[in-house]
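S.K.: got a predicted structure here, sequence first:
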Amino acid sequence: RVTILARNSERLEECRRDLSPNLSERLLCLSVDISQSYEEVENAIQHAIRHHQDKPVDILINSAAIFYARPFDQTKPEEFAEMSEKKSAFYFIKRID
């Protein structure tokens, strides 16, 4: 069972095409921007739970990130907070626990 969440629907569709031959009905791809709201993430998680018939999450991989390429001393506090927030798996761990 594999669920992939991504904000870029075109890249998500590419991923679906690449993985579908091997995973068929075990693959669920959902377009979600985790930075928008906890509710959006919660809805996606509920969809995944129903799709996978209430099976538990065994592995969580979070690769969501945002990065400002500049020296640390030139990074604004709000940019640092945004980078830290986007990389967090908080929403998923909070829901899955």
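M.R.: Sure thing, it's come through.

S.K.: count the residues that sit near Gln36.
M.R.: The tally of other residues near Gln36 (other CB atoms under 10 Å) stands at 10. C-beta here means a position set from N, CA and C on the backbone, and glycine is covered the same way.

S.K.: doesn't it belong to a helix?
M.R.: No: judged by DSSP: H, G, I helix; E, B strand; the rest coil, Gln36 forms no part of a helix; its state is coil.

S.K.: how close does it get to Arg7?
M.R.: Noted for Gln36: a distance of 9 Å to Arg7, by CB to CB, to the nearest Å.

S.K.: likewise for Lys76?
M.R.: Lys76 is 23 Å from Arg7, where distance means CB to CB.

S.K.: ok, those two, which is more surrounded?
M.R.: Arg7 (13 against 10).

S.K.: quick one, what contacts Val32?
M.R.: Applying CB atoms under 8 Å, 6 or more residues apart in numbering to Val32 gives the contacts Leu5, Ala6, Arg7, Glu40, Val41, Ala44.

S.K.: Arg26 against Arg1, yeah?
M.R.: Yes: the pair Arg26 / Arg1 is scored as a contact, 5.0 Å apart, by CB atoms under 8 Å.

S.K.: mutual contacts of these two, please.
M.R.: His52.

S.K.: what's around His52, how many residues?
M.R.: When neighbours are defined as other CB under 10 Å, His52 has 15 of them.
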